[in-house]
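Undergrad: When you get a sec, could you give me coordinates for this:
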Amino acid sequence: MADYLEAEILHVDSSLLALHQYTTRNGHTDSAFIQVPEFNRLALQFVPRELADSSFQKYFTESSFADRATNSITFTYSTTNKDLGLQRVDVMTVAGPRAQQVKSIYLEKSRIAGDSVILQKLFWQAQRSCEIATLIRVKGASVSEEQVRVVWDSAREEE
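TA: Prediction:
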């Protein structure tokens, strides 16, 4: 999975695609075009160390679900180890010309920083866009939410 995501990031890096970022906070959305270094900063959050090292095979278990209605297969990887930042990964594949192809990858990450609990939900749509929803819960305060979406293939975004 890490190799697949890194290849997708490299493809965006080396393409002349416009990178359009949408940021939503407190119900208000701003948009801007971003440069490759900013895209990389965001995209590399999709490749946590748990995906790239041996802890993934050691601490995560796989289950799968085939959906005949959508002709897709979803592979879910989860852990019971709460010390890991990465808690869950869903990989949805669809039938391709020769084999199953990745359609999307969803990750859930959590961590504690001081008196805050930070939960991130990350969604990568193959060859199209990525999205990071961050919820920060500070003890005794309301939850802070931010959603960042980067689109690099808006023509296919409508599909």
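Undergrad: Only C-alpha atoms from now on, for both contacts and neighbour counts.
TA: Noted.
Undergrad: what's the closest non-adjacent residue to residue 20?
TA: Spatial nearest neighbour of residue 20, excluding adjacent residues (C-alpha to C-alpha, 6 or more residues apart in numbering): residue 33 at 4.5 Å.
Undergrad: How much space separates the one you found from residue 21?
TA: 6 Å (C-alpha to C-alpha, to the nearest Å).
Undergrad: what about these two, which has more around it?
TA: The residue with more neighbours, out of residue 33 and residue 21, is residue 21; 21 against 12, by other C-alpha atoms under 10 Å.
Undergrad: Backbone dihedrals for the more buried one, please?
TA: phi -110, psi 130 (degrees, to the nearest 10).
Undergrad: pLDDT wise, what is it at?
TA: You'll see residue 21 listed with a pLDDT of 98.
Undergrad: Let me see the backbone angles for the residue located most distally from the centre of the chain.
TA: For the chain, the C-alpha farthest from the mean C-alpha position belongs to residue 140; by C-alpha atoms, centre = their mean, that distance is 28.8 Å. Main-chain torsions, residue 140, degrees, to the nearest 10: phi 80, psi 10.
Undergrad: who's in contact with residue 21?
TA: 31, 32, 33, 34, 148, 149, 150, 151 (C-alpha atoms under 8 Å, 6 or more residues apart in numbering).
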